[in-house]
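Novice: quick check, what structure comes out for this input:
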Amino acid sequence: GKQLKDGKKPEPCKPILKVEYKTTRAGEPFIILSGGLSYDTVGRRPCLTVMHGKSTAVLEMDYSIVDFLTLCETPYPNDFQEPYAVVVLLEKDLVLIDLAQNGYPIFENPYPLTIHESPVTCCEYFADCPVDLIPALYSVGARQKRQGYSKKEWPISGGNWGLITQSYPEIIITGHADGSIKFWDASAITLQVLYKLKTAKVFEKSRNKDDRPNTDIVDEDPYAIQIISWCPESRMLCIAGVSAHVIIYRFSKQEVTTEVIPMLEVRLLYEINDVESPDGEQVPPLPTPGTGSNPQSIVPQSHPSTSSSSSDGLRDNVPCLKVKNSPLKQSPGYQIELVIQLVWVSGEPPQQITSLAVNSAYGLVVFGNCNGIAMVDYLQKTVLLNLGTIELYGSNDPYRREPRSPRKTRQPSGAGLCDINEGTMVPEDRCKSPTSGSGSPNNSDDDQKMNNFIEKVKTKSRKFSKMVANDIAKMSRKLSLPTELKPDLDVKDNSFSRSRSSSVTSIDKESREAISALHFCETFTRKADTSPSPCLWVGTTLGTVLVIVLNLPPGGEQRLLQPVIVSPSGTILRLKGAILRMAFLDTTGSLVPPAHEPWREHNVPEDKDEKDKSKKRRPVSVSPSSSQEISENQYAVICSEKQAKVISLPSQNCIYKQNITETSFVLRGDIVSLSNSVCLACFCANGHIMTFSLPSLRPLLDVYYLPLTNMRIARTFCFTNNGQALYLVSPTEIQRLTYSQETCENLQEMLGELFTPVETPEAPNRGFFKGLFGGGAQSLDREELFGESASGKASRSLAQHIPGPGGIEGVKGAASGVVGELARARLALDERGQKLGELEEKTAAMLYSADSFSKHAHEMMLKYKDKKWYQF
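Specialist: Just a heads-up that it's a prediction; the model follows:
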């Protein structure tokens, strides 16, 4: 504290809680202390003070200091300690300070105490990945080290790895509320961050809340990650965010600068009679190639329009986020290929994306929400498909829902009836009273009043929807969940009860049929097909599966010039409950993975030979030979919230069916590989984990694991190959589990050891005068007192101390069996006491025998004492 003049009291300071004094061989000592700063400094954070000679450094910490410890070269206080680092334990972190470098930089934590800087909103788990994937991610992640850290390695080490019996790599991908994505190496039972990707850097950020655009659909975390779609073989990554945006990434080891970020805006809206809309008109979808129009007629916008409004002043054709219009420097790793954003339509915000899929072999990405589905060719940067969910049915819609006519005046919410028994929509025209004809004298006044009422309802509905969306976003952020909930109360409340039972009376539930599952594959699309072809299978929340045919141009340069033709196949399959997952098996029951393209460095120009190879490896739709036509068939595996079906293709006959649950519903279902076979793994809301064989769907496992205690578990639970699964048990903790017998048997061997014995370093030699005049107590052991080095060589007649087997192995063996040794020692003591008792008895008997022998000997001696030898 400052010593004030004129007799004033010294400056009040905080107490010093801890001081450490460490000496150095070639300089001034270090004095390290916590606390001691003045009270009058406003906003000063907790500090650690390092004093070395004439320099004093005050290091501010983010949290309160709990304790600190100085790391030295030797543990002996009577030697020069040579401090090299300080470990500072904070309330929410662990900090290491490098004392050997100028400025005292901190070491970069290999594993921070708070693993996630931002709450996790979604996660995906991939086992048995390509072997070159983890080294590739680690190499680009190693270049991301931030500046200002110490150049030395992390100084604390300890523990031993367990025996890793698993030979396959595992990767966990976590999406966060701030828009970042982390790749983790989860092989065996380890968890190490490999690479971090920031998706928000492509968008313009507002400095404060006043500068934020009024197009946001969430108040906080507009970049939060909702869905991750990743192809490990091609390393293509696609993410969907909470602001109805999709970003496609390519992996590259080269650094590039993108002058103009490629972007597409998609107007995805389809109205039916009972869907709320401000203008009451049907927005025509974009032209689709399936109807004969050219997809290249859609001109992609490089950047979103700054402002666009409809005639009544409502926001229209405006995305929620603004893409940067300046050049973007992209480091090695994942680099932006295309940004897709859904836009506002006539004052209505875009609905959040519910499903996402990307395919590197076809060069396509597809996503859907409760309004419809959109498909984009990210190679040509064009929109191929933009349809409402009902338009996918065509004339085969089982609910007979009709598009809204532009000439009709929209009724308030719920202007329609539902036939509960049939589950079909009744248009509002059929609900009108027969007496409400156009000849009524008060018809115009009633229409005017009705229109005014409708406008008030629209205004309140928009405000209420925005408020509900914000509340839902906040709630989901607290739970660290993807905000898949819509600003629609019916959809939110019914998100866990999508059963198509006759008791459901909500019209909005049927009208808001969302896209819940997407799967690219090469299979039979129609019953009459003789050969498989590229297609997209679409699953909805009402249990419907629809098939869309993809007609791809030849590979190479033609792929970039000719359009991809998309057309519906007319195939419709039905299940009970929302569709969760789809997969395909060949005739032998093996899993047929989606087509993919091997990864290659696209920032380096290809040779002519490489171009020829790329043409050959790209999938081209060609008719197989006649021999293939006869034997080729596949099985489609479809899992919904209630049941699973195996359907033979191309006949489309259901050959196996399993009702998974009647009283609950499936939260997550995955088709995974296990023990050279394939099975369906399901996690139900009642806490049961179930597996079924494929294709026969026989129950293999039904275990009550844990109840659904919060939404975080429901949104993050996922299965992967080889009997592995995980979920988020808290915002910062990942819980892994296994349903594989092989992993269970080897689990103890896989676990590592945290503590390892270390040999004590050699103590310094004490000089004669230091020992004579130094004073103070010393710690001596037996070797120093009685050893040969101090006392000389012992006589051969004296007992000698021979140490037992030492070293690390001996210490480990002794430490590992302490309990057993104590038990054996106790038993040995009991046996020894028993033997001592027996020995005492034998000793007493021998003493008695010796006494009697002595007496007899004395008598003999007296008897023959005076006799001569000749008197016998």
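Novice: pretty sure residue 73 contacts residue 84?
Specialist: Yes: using Cβ atoms under 8 Å, residue 73 is in contact with residue 84, at 6.8 Å. (C-beta placed from N, C-alpha, C; glycine too.)
Novice: have a look at these two and say which one is more surrounded.
Specialist: Neighbours per residue (other Cβ atoms under 10 Å) separate residue 73 from residue 84, with residue 84 holding more: 16 against 13.
Novice: A helix includes that one, no?
Specialist: No: note on residue 84: no helix contains this position according to DSSP: H, G, I helix; E, B strand; the rest coil, which reports strand.
Novice: run through the neighbouring helices and strands of whichever strand or helix holds residue 336.
Specialist: For residue 336, the element it lies in under DSSP states H and E is strand 333-342. Counting contacts by 3 or more Cβ pairs under 8 Å, 6 or more residues apart in numbering; DSSP states H and E, strand 333-342 packs against helix 133-142, strand 192-198, strand 245-252, strand 256-258, strand 263-266, strand 364-368, strand 372-377.
Novice: need the next SSE after the last one, C-terminal direction.
Specialist: So the one you mean is strand 372-377. Taking DSSP H and E, what comes next after strand 372-377 is strand 382-388.
Novice: just checking: what are the partner strands of that next one?
Specialist: Strand 382-388 sits in its sheet next to strand 372-377 (antiparallel), going by DSSP bridges.
Novice: contacts for the partner strand, please.
Specialist: 264, 266, 268-270, 285, 295, 338, 340, 363-368, 382-389, 391-392, 515, 536, 538, 548, 563-564, 566 (Cβ atoms under 8 Å, 6 or more residues apart in numbering).
Novice: what about 7 Å?
Specialist: Defining contact as Cβ atoms under 7 Å, 6 or more residues apart in numbering, one finds that strand 372-377 is touched by 264, 266, 268, 270, 340, 363-367, 383-389, 392, 515, 538, 564, 566.
Novice: kindly report the same for stretch 150-158.
Specialist: 71, 85, 96, 98, 101, 105, 106, 107, 110, 754, 755, 756.
Novice: so the last one lies in a helix, does it not?
Specialist: No: the secondary structure assignment for residue 756 gives coil rather than a helix, going by three-state DSSP.
Novice: quick one: contacts for it?
Specialist: So residue 756 contacts 158, 159, 160 (Cβ under 7 Å, 6+ apart).
Novice: and of the residues you listed, the nearest to residue 586?
Specialist: Set against residue 586, the nearest of the contacts of residue 756 by Cβ to Cβ is residue 160 (44.0 Å).
Novice: the closest one: neighbour count?
Specialist: Close neighbours of residue 160, defined as other Cβ under 10 Å, add up to 10.
Novice: ok and the strand holding residue 336 relative to strand 382-388, angle-wise?
Specialist: Angle, strand 333-342 to strand 382-388, by axes from the mean of the first three to the mean of the last three Cα atoms, to 10 degrees: 40 degrees.
Novice: now strand 333-342: average pLDDT?
Specialist: In this model, strand 333-342 has an average pLDDT of 92.
Novice: who touches whichever helix or strand comes after it?
Specialist: Note on strand 333-342: by DSSP H and E, the next helix or strand toward the C-terminus is strand 355-359. With contact meaning Cβ under 7 Å, 6+ apart, strand 355-359 is reached by 227, 229, 231, 236, 238, 240, 246, 248, 365-368, 515-520, 594-595.
Novice: part of a helix, is residue 529?
Specialist: No: counting by three-state DSSP, residue 529 is not part of a helix but coil.
Novice: mind saving the C-alpha coords of the host helix or strand of residue 228 as PDB?
Specialist: Taking DSSP H and E as the definition, residue 228 sits inside strand 225-231. Output in PDB follows, covering the C-alpha atoms of strand 225-231 (Å, rounded to 0.1, in the frame of the first residue of the first chain):
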ATOM      1  CA  ILE A 225     -26.100 -25.200 -34.300                       C
ATOM      2  CA  GLN A 226     -29.200 -27.400 -34.600                       C
ATOM      3  CA  ILE A 227     -28.300 -30.300 -37.000                       C
ATOM      4  CA  ILE A 228     -25.000 -31.700 -38.200                       C
ATOM      5  CA  SER A 229     -24.700 -33.800 -41.300                       C
ATOM      6  CA  TRP A 230     -21.200 -35.200 -42.000                       C
ATOM      7  CA  CYS A 231     -19.700 -37.600 -44.600                       C
END
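Novice: quick one: list the elements packing against it.
Specialist: Helices and strands touching strand 225-231, by 3 or more Cβ pairs under 7 Å, 6 or more residues apart in numbering; DSSP states H and E, are strand 120-127, strand 170-176, strand 236-241, strand 355-359.
Novice: mean neighbour count, those strands: which tops it?
Specialist: strand 236-241 (a mean of 26; mean count of other Cβ atoms under 10 Å).
Novice: partner strands of that one, with direction?
Specialist: Here, using DSSP bridges, strand 236-241 pairs with strand 225-231 (antiparallel), strand 245-252 (antiparallel).
Novice: grab the longest helix from the chain for me.
Specialist: If you go by DSSP state H, the chain has its longest helix at helix 818-863.
Novice: low-confidence ranges, the stretch 401-550 of the chain, go.
Specialist: For the stretch 401-550 of the chain, applying pLDDT under 70 flags the ranges 401-511.
Novice: try it again with 80
Specialist: 401-512 (pLDDT under 80).
Novice: quick one on the thing from earlier: how big is the angle separating the strand holding residue 228 from strand 170-176?
Specialist: Angle, strand 225-231 to strand 170-176, by the same axes, to 10 degrees: 150 degrees.
Novice: tilt between strand 225-231 and strand 355-359?
Specialist: Strand 225-231 and strand 355-359 are oriented at 20 degrees to each other (the same axes, to 10 degrees).
Novice: any buried residues in strand 225-231, and which?
Specialist: Using 16 or more other Cβ atoms under 10 Å as the test for burial, strand 225-231 gives 225, 226, 227, 228, 229, 230, 231.
Novice: could the residues you listed go into a markdown table alongside pLDDT and distance to residue 532?
Specialist: Supplementary listing: these in a markdown table, determined by pLDDT from 0 to 100; distance: Cβ to Cβ, whole Å:
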| residue | pLDDT | distance to residue 532 |
| --- | --- | --- |
| 225 | 92 | 34 |
| 226 | 92 | 32 |
| 227 | 93 | 27 |
| 228 | 94 | 28 |
| 229 | 93 | 22 |
| 230 | 91 | 24 |
| 231 | 91 | 20 |
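Novice: and the helix or strand hosting residue 95, what does it pack onto?
Specialist: Element membership for residue 95 (DSSP H and E) is strand 94-98. When contacts are defined as 3+ Cβ pairs under 7 Å, 6+ apart, strand 94-98 sits against strand 83-90.
Novice: and which of the contacts of stretch 150-158 is nearest to residue 637?
Specialist: Using Cβ to Cβ, residue 110 is the member of these that sits closest to residue 637, with 41.4 Å.
Novice: is the residue lying closest to the closest one once chain neighbours are set aside within a helix or a strand, and which one?
Specialist: The shortest distance from residue 110 to any non-neighbouring residue, by Cβ to Cβ, 6 or more residues apart in numbering, is to residue 154 (5.3 Å). Using DSSP H and E, residue 154 is not contained in any helix or strand.
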